[in-house]
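Undergrad: let's see this in three dimensions:
(chains A and B)
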Amino acid sequence: MSSKRLRLLAWGVVLLLAILLPFFFNSYRVGQFTQAMALAIAVLGLNLLVGYSGQISLGHGAFFALGAYASAISIADLGVPYLLGLPIAGAVCAIAGFALGLPALRLRGLYLALVTLGVAIATPQIIKRADGLTGGTQGMTIEKITAPAWSGLADDQWLYFVTLVVTAVMFVLAAFLVRGRVGRALVAIRDNEIAARTMGVDLARFKTGTFAISAAFAGVGGALFTLPIGFLAPESFPLALSFAFLAAIVVGGLATIAGALFGALFIEFVPVYAADVDEALAGVIYGGVLILFMYLLPGGVMGLVRRISSKKATPRGTDDVQAGADDRPGGDAAGAGSGAARERVRAQ
Amino acid sequence: MDRFIQVLVDGWATGSLYGALAVAVVLIYRATGIVNFAQGELAMFSTFIAWGLMQAGLPLGLALLATLLLSLFGGMLIERIIIRPVEGGEVLTLVIVTLGLYILVNSLAGWIWGFGNRAFPSLFGDGSFDVAGATIPLESLGIVAVLIALVAILFAVFQRTKVGLAMRAVAMNPESSRLHGISVGRTLMIGWGVAALVGALAGALIAPRLFLDVNFMGAVLIYSFAAATLGGFDSPLGALIGGWIVGIAEGLAGTYVDFIGSDLKILVPLTVILVVLLFRPTGLFGSAEVARA
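TA: Residues are numbered from 1 along each chain as shown, chains lettered A, B, ... in the order given. Okay, the predicted model is just below:
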């Protein structure tokens, strides 16, 4: 079987499992899976930015928060139907992402990390201060979403399927984006900016564009994340959230689409189980995982999957070369900890 | 007017604290080209060690001295074990690893000492005196004096000793330094050790003013990044002066700009970072970076 077919088959199985899942778990678990999917959208957005275009953001929790509040305010205060809250969240965050992308054009690497870290740290303060809109430290509530009668589903199941559909759409969008011309341009920018510009890639357009799209993904994720909870407050979006997103893309694999799913499941469920042992354990695991993955598994879980499947599936494939052309660079960027990357830097 | 002077003096002392951590950040940046996101958390951990030693019955001075030594070795150990494998790697890798260290150290401290906050005694007591209607705590003067002395010592070490020369050489060109017989690895270890020591000192100076808890350095870190950015990221003196400017700007903005008040002070360092990076990326004292394609 060719690797392309194999990949489609794998996605089919994942989708089938996802559709069956809410009928086999209690509503508490279903709620957790709903949140994991919402996180996956945000993680995917961050991965578009960091993994594919090579721009570092330590502040995607801010866009997640902005999306959540944009949707909550339009639902609670403006009376917009909740499904319309999602594109509103996406649009608001796209504009904010574009705005942050403009200075990002001149800030690279470390400095962009600094600025976005500052944004993440300032986020809860800004939410508190804008209490006219956000309810300040009191937080704000959104009415519980109820399933329409024709669906025959429980409320949590309905919300799960709504989230599933949105997640599927966002993943397909992202896949089309990175497999096409845009994706190639982004990877070219990441790997060698000057060469990319020489080849006619409009750096400013692609970089700010990626920032906007990435932020929009995070915003939609944030909006979906708060729907099942029905409550949001400044403390819902701590600095740790931005760090968790980063941990998720490292665990799942930089510059991969499917990795976002693994990453999101990781950051949804690790804290749940770790909290049973100690409040601090989740952080210890995140920190340890970030460091260890960069040493041992720089391609993340997807890098491992790919290594195994490319050994088995295509003994001599032109197909594999094809797959490599659009996927492999991700592993490469993530493999920065390796000796080869170090040599490359030294050689310059 | 009294209030104005008071704000200036307070801002100066607070700014010295930002400068202290910024000096630690700058030391590592100079040596390895890494911005150590974990610097504040390492300082927090050191401060907790000092607190623990005092709980065990040591007097403040002795506990602090022991902590500084422990931090020196701890910093060297961290460089050797955690940073060495990725040194010279891509920026993204370095950012992720030092962030990993940030989260790891923060959570470990939470695990060991819990998340409550504690009082930490000041090195300089709580006396104060009045000048021109403003109350100047002895502590503020002490902090400023310690920091000026620290930067003078660092300057002497960098400019006048063989170790300092080796550190500058390694920062500039590791390969050539190695060919000249400098042990690059050992020099970098020393750099991290000294930075951890300076960080520990910063932590012990900051803790009395803020209360000691596992997150007390989180906000300070962004201020110290602003200070380092303003100072040019590779100059310890610049970091100190940058710290003063940021501290005073924060005080003035918090007191006189209604919109900012005490809630949005965090916007001050953020604005400083953004403005400096966009309009004068080398800061006030930094040297320009020459990029080769």
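
Undergrad: wouldn't B:G231 be in contact with B:G286 here?
TA: Yes. Using CB atoms under 8 Å, B:G231 is in contact with B:G286, at 7.1 Å. Any C-beta I mention is one placed from the backbone N, CA and C, and that applies to glycine too.

Undergrad: got the contact list for the residue nearest to A:N47 when sequence neighbours are not counted?
TA: In space, not counting the residues next to it along the chain, A:N47 is nearest to A:I249; the distance is 4.6 Å by CB to CB, 6 or more residues apart in numbering or on different chains. The contact partners of A:I249, taken as CB atoms under 8 Å, 6 or more residues apart in numbering or on different chains, are A:43, A:46-47, A:50-51, A:259-260, A:263, A:300.

Undergrad: among the residues you listed, which one sits closest to chain B?
TA: Of all the contacts of A:I249, A:V50 has the smallest distance to chain B: 7.0 Å, by CB to the nearest CB.

Undergrad: in contact with that closest one, which residues?
TA: Contacts of A:V50 (CB under 8 Å, 6+ apart): A:56-57, A:246, A:249, A:254, B:92.

Undergrad: helices - which of those residues land there?
TA: Those of those mapping onto helices are A:246, A:249, B:92, per DSSP state H.

Undergrad: give me the distance between the first one and chain B.
TA: Think A:L246. With distances defined as CB to the nearest CB, to the nearest Å, the gap from A:L246 to chain B amounts to 7 Å.

Undergrad: I'd say that residue and B:G100 touch.
TA: No. Assessed by CB under 8 Å, A:L246 is found out of contact with B:G100, at 9.0 Å.

Undergrad: can you give me the strands in the stretch 1-150 of chain B?
TA: Per DSSP state E, counting those that start in this stretch, the stretch 1-150 of chain B carries strands over the ranges B:128-131, B:134-137.

Undergrad: highest mean neighbour count out of these?
TA: Among the strands of the stretch 1-150 of chain B, strand B:134-137 has the highest mean neighbour count (mean count of other CB atoms under 10 Å in any protein chain shown), at a mean of 17.

Undergrad: parallel or antiparallel, which strands does that strand pair with?
TA: Paired neighbours of strand B:134-137 in the sheet (DSSP bridges): strand B:128-131 (antiparallel).

Undergrad: figure out how far the strand it pairs with is from the centre of its chain.
TA: When distances are taken as CA atoms, centre = their mean, to the nearest Å, strand B:128-131 is centred 28 Å away from the chain's centroid.

Undergrad: for A:I95, grab phi and psi.
TA: Comment: the main-chain dihedrals of A:I95 come out as phi -60, psi -50, following degrees, to the nearest 10.

Undergrad: was I right to think it contacts A:A216?
TA: No. When contacts are counted by CB under 8 Å, A:I95 is not listed as touching A:A216 (9.0 Å).

Undergrad: which of those two has more residues huddled nearby?
TA: In terms of neighbours (other CB atoms under 10 Å in any protein chain shown), A:A216 is the more surrounded of A:I95 and A:A216; the figures are 27 against 15.

Undergrad: residues contacting the residue nearest to A:P148 when sequence neighbours are not counted?
TA: Take A:P148 and drop its neighbours on the chain: the residue closest to it by CB to CB, 6+ apart is A:W158, 7.4 Å away. Remark: with contacts taken as CB under 8 Å, 6+ apart, A:W158 is in contact with A:145-148, A:151.

Undergrad: name the element A:W158 belongs to?
TA: Assigned by DSSP states H and E, A:W158 belongs to helix A:155-179.

Undergrad: quick one: buried residues of that helix?
TA: Of the residues in helix A:155-179, those with enough neighbours to count as buried (16 or more other CB atoms under 10 Å in any protein chain shown) are A:156-164, A:166-167, A:170-171, A:174, A:177-178.

Undergrad: skip the chain neighbours and tell me the closest residue to B:P85.
TA: Take B:P85 and drop its neighbours on the chain: the residue closest to it by CB to CB, 6+ apart is A:Y295, 5.7 Å away.

Undergrad: correct me, but the one you found touches B:G89?
TA: No. Here A:Y295 does not reach B:G89: they are 10.5 Å apart, not a contact under CB under 8 Å.

Undergrad: comparing these two, which residue is more hemmed in?
TA: Applying other CB under 10 Å to A:Y295 and B:G89 shows that B:G89 carries more neighbours, namely 24 against 14.

Undergrad: now check the longest helix seen in chain B, is it near chain A?
TA: Using DSSP H to define each element, chain B has its longest helix at helix B:2-32. No. Helix B:2-32 stays clear of chain A (CB under 8 Å from any CB of the partner chain), getting no nearer than 8.7 Å.

Undergrad: pull out the buried positions in that helix.
TA: Neighbour count says helix B:2-32 has B:6-7, B:9-32 buried, by 16+ other CB under 10 Å.

Undergrad: helices and strands around that helix, which ones?
TA: Packed against helix B:2-32 by the contact rule (3 or more CB pairs under 8 Å, 6 or more residues apart in numbering or on different chains; DSSP states H and E) you find helix B:39-55, strand B:134-137, helix B:138-160, helix B:162-172, helix B:184-210, helix B:216-231, helix B:236-256.

Undergrad: export the third one as PDB, just CAs?
TA: If I follow you right, that is helix B:138-160. Output in PDB follows, covering the C-alpha atoms of helix B:138-160 (Å, rounded to 0.1, in the frame of the first residue of the first chain):
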ATOM      1  CA  LEU B 138      18.500  51.600  53.800                       C
ATOM      2  CA  GLU B 139      17.500  48.500  51.800                       C
ATOM      3  CA  SER B 140      17.200  50.500  48.600                       C
ATOM      4  CA  LEU B 141      20.600  52.100  49.000                       C
ATOM      5  CA  GLY B 142      22.100  48.600  49.900                       C
ATOM      6  CA  ILE B 143      20.600  47.100  46.800                       C
ATOM      7  CA  VAL B 144      21.900  49.800  44.500                       C
ATOM      8  CA  ALA B 145      25.400  49.600  46.100                       C
ATOM      9  CA  VAL B 146      25.600  45.800  45.800                       C
ATOM     10  CA  LEU B 147      24.600  46.000  42.200                       C
ATOM     11  CA  ILE B 148      27.100  48.700  41.300                       C
ATOM     12  CA  ALA B 149      29.800  46.700  43.100                       C
ATOM     13  CA  LEU B 150      28.700  43.500  41.200                       C
ATOM     14  CA  VAL B 151      28.900  45.200  37.800                       C
ATOM     15  CA  ALA B 152      32.400  46.600  38.700                       C
ATOM     16  CA  ILE B 153      33.600  43.200  39.700                       C
ATOM     17  CA  LEU B 154      32.300  41.600  36.500                       C
ATOM     18  CA  PHE B 155      33.800  44.300  34.400                       C
ATOM     19  CA  ALA B 156      37.200  43.800  36.100                       C
ATOM     20  CA  VAL B 157      36.900  40.000  35.600                       C
ATOM     21  CA  PHE B 158      36.000  40.300  31.900                       C
ATOM     22  CA  GLN B 159      38.600  42.900  31.100                       C
ATOM     23  CA  ARG B 160      41.500  42.100  33.300                       C
END
